[in-house]
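> everything below, folded, please.
(chains A, B, C and D)
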Protein chains: 2
Amino acid sequence: MTDKKDHIIDNAIELFAERGFEGTSIRELAAKAEVNVAMVNYYFGSKEKLFEAMVAQKAAYSKGMIDEIVKDKSLSDLEKIDKIIEGFVTRLFTNRKFHRIIHQELMLSKRENLQDTIVNILYPNSAAIKTLIDSAIKKGTFKKVDSALVIASVIGTINHVLLSKKMCNKLFGKEDSHIPYEDPKFIKRVSEHIKEMIHAYLIKTN
Amino acid sequence: MTDKKDHIIDNAIELFAERGFEGTSIRELAAKAEVNVAMVNYYFGSKEKLFEAMVAQKAAYSKGMIDEIVKDKSLSDLEKIDKIIEGFVTRLFTNRKFHRIIHQELMLSKRENLQDTIVNILYPNSAAIKTLIDSAIKKGTFKKVDSALVIASVIGTINHVLLSKKMCNKLFGKEDSHIPYEDPKFIKRVSEHIKEMIHAYLIKTN
DNA sequence: AAAAATCAATTAAACGTTTGTTTAATTCAA
DNA sequence: TTGAATTAAACAAACGTTTAATTGATTTTT
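Alright, predicted model coming up:
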């Protein structure tokens, strides 16, 4: 059943996010998912193919949204940037475990084919924002900024909060508890910060 | 000889950065460093202790600098922020392979003791900047910003450029070549971006 | 409706490799 | 002659994967 494949993938996401791909054994995974060791290879063929199946299934988490916003003619450029930031923060926070796995993978030089797959999924988002910013600069709406690095700042800020867990626990004074990644207030706090910072940088003051 | 220990550590940094800790075998490392497999355990005791020795040796890469800048009474708060950003960018770019390893480690939930060690090394930097920003806000020099997230933006921007290699190759239009991490011009481009963005956000406009 | 056949799902056990580590012998300079 | 450095070989454990047998529900045949 597809049901069971999903169940294995869900458990794999948990383990890969916490222990890494090479750091997770199929026996650990089988134990956590409460299935026989052989089932993983029966359903997916191999550990690597399980990984690919996971990416294929969860890839949609960042699709579509941005294009819709960019095309919306009722929004100003700045309103579009705001909506994109909000969407980004919400989606990455919601899918943070998968996001963590993706970034572990992007850091390494193993499985380069898979890296290309991931980049092909994620990059269009960055490209769309870049186009938006560059055209607004040409129009004279935005200041002449380094658009590639603006994107690095937006995504980098989110990533730092999401990925460097222990570090940010201290930074946000949550040493004994946890950062409330699920709390809408915290999510809003992050997206408001990014929006305000980017506003201050993009908007001409004269 | 300490000479040979360093030689092993240097090769370990290369491999760990590219293939991860679990993804690197002692045999691969021994082959690359051109030493016998047994030498790693002879010198370091175990693979994990090799990792710890590596961290201990390279930890100093971020020490000191910030404290000196913060204490310098000839600098304004904004000048201090600028100097700190420049120092951060330069140091992390210079030690980017080690930095990559550190962040692989921070993402995972294995070897928690080591994580604490790393956080204890890196966090004082973040804390110092936070104190600086918060006191400048109290003085009225800076706008009332979310200082924890400002730090996330500074470090996050650098990390995104340094860690998500394939992604940033595309973002910076270097698909066929490489991002010139060693090029002073590129390093300056990054630190100028961060400084300008943070300026726009921190400085009161009235 | 009962019996037989079919086939995907599931299992425990074993497969051959690779892993980190250790041993015991050897080299080699002090 | 001593003791650290170095080696090839072996170690047990863990790894991803495969096998071959069994289950159990569904379909086909009687």
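
> drop to CA atoms for contacts and neighbour counts, all remaining ones
Will do.

> point to the helix or strand of chain A where mean pLDDT is at its lowest.
helix A:65-71 (a mean of 90; mean pLDDT, DSSP states H and E).

> hmm, the next helix or strand after that helix touching chain B?
Sequence-wise, the next helix or strand downstream of helix A:65-71 (DSSP states H and E) is helix A:77-94. No - on the criterion CA under 8 Å from any CA of the partner chain, helix A:77-94 is out of touch with chain B, staying 13.4 Å away.

> and stretch A:113-131, by the same measure?
Yes - under the criterion of CA under 8 Å from any CA, chain B is reached by stretch A:113-131 at A:115-116, A:119, A:123, A:126-127.

> keeping just the C-alphas, turn stretch A:54-66 into CSV.
The C-alpha atoms that make up stretch A:54-66 are tabulated as CSV, following Å, rounded to 0.1, in the frame of the first residue of the first chain:
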residue,chain,number,x,y,z
MET,A,54,11.3,11.3,-0.1
VAL,A,55,12.5,14.3,-2.0
ALA,A,56,10.1,13.6,-4.8
GLN,A,57,7.2,13.4,-2.4
LYS,A,58,8.0,16.4,-0.3
ALA,A,59,9.4,18.6,-3.1
ALA,A,60,6.1,20.3,-3.7
TYR,A,61,6.4,22.1,-0.4
SER,A,62,7.9,25.2,-2.1
LYS,A,63,6.2,25.1,-5.5
GLY,A,64,3.8,27.4,-7.1
MET,A,65,3.2,30.1,-4.4
ILE,A,66,5.8,32.6,-5.6
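
> chain center to that stretch: distance?
Here the centre of stretch A:54-66 is set off from its chain's centre by 10 Å, with CA atoms, centre = their mean, to the nearest Å.

> I'd like to know which elements the one helix or strand residue A:155 maps to is packed against.
If you go by DSSP H and E, residue A:155 is part of helix A:147-163. Where contact means 3 or more CA pairs under 8 Å, 6 or more residues apart in numbering or on different chains; DSSP states H and E, helix A:147-163 is packed against helix A:77-94, helix A:96-107, helix A:112-139, helix A:184-202, helix B:147-163.

> repeat that with 7 Å
helix A:112-139, helix B:147-163 (3 or more CA pairs under 7 Å, 6 or more residues apart in numbering or on different chains; DSSP states H and E).

> quick one, which of the ones you listed is packed in tightest?
Mean neighbour count, computed with mean count of other CA atoms under 10 Å in any protein chain shown, is highest for helix B:147-163 among the helices and strands packed on helix A:147-163, reaching a mean of 24.

> what's that one in contact with?
A:107, A:152-153, A:156-157, A:159-161, A:171-172, A:193, B:89, B:96, B:100, B:126, B:130, B:133-134, B:168, B:194 (CA atoms under 7 Å, 6 or more residues apart in numbering or on different chains).

> what do you get for stretch A:177-193?
A:85-86, A:89-90, A:93, A:169, B:146, B:149.

> can we see that at 10 Å?
When contacts are defined by CA atoms under 10 Å, 6 or more residues apart in numbering or on different chains, stretch A:177-193 is touched by residues A:82-90, A:93-94, A:96, A:154, A:157-158, A:161-162, A:165-166, A:168-174, A:194, A:197-199, B:145-147, B:149-150, B:152-153, B:201.

> of those, buried ones?
For those, a burial check counting by 16 or more other CA atoms under 10 Å in any protein chain shown picks out A:82-90, A:93, A:96, A:154, A:157-158, A:161-162, A:165-166, A:168-171, A:194, A:197-199, B:145, B:147, B:149-150, B:152-153, B:201.

> name the nearest residue to residue A:105, sequence neighbours excluded.
residue A:115 (6.9 Å; CA to CA, 6 or more residues apart in numbering or on different chains).

> OK, contacts around that neighbour?
Per CA under 10 Å, 6+ apart, neighbours of residue A:115: A:102-103, A:105-109, A:121, B:166-167.

> PyMOL command for the buried members of those?
Selection of buried members from these for PyMOL, criterion 16+ other CA under 10 Å:
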select buried, (chain A and resi 102+103+105+106+107+108+121) or (chain B and resi 166+167)
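
> what is the nearest of the contacts of residue A:115 to DNA strand D?
Using CA to the nearest atom of the strand, residue A:105 comes nearest to DNA strand D of those, at 15.6 Å.

> could you pull up the residues touching that closest one?
Applying CA under 10 Å, 6+ apart, we find residue A:105 in contact with A:20-21, A:99, A:111-112, A:114-115, A:118, B:19-20, B:104, B:164.

> filter these down to the ones near DNA strand C?
Among the contacts of residue A:105, no residue sits close to DNA strand C (CA under 7 Å from any atom of the strand).

> tell me the one of the residues you listed nearest DNA strand C?
Checking the contacts of residue A:105 one by one against DNA strand C (CA to the nearest atom of the strand), the nearest turns out to be residue B:20, at 10.3 Å.

> where in chain A is pLDDT low?
A:1-2, A:206 (pLDDT under 70).

> contact residues of it facing DNA strand D?
Neighbours of DNA strand D within chain A, by CA under 7 Å from any atom of the strand: A:22, A:24-28, A:37-38, A:41-42, A:45-48.
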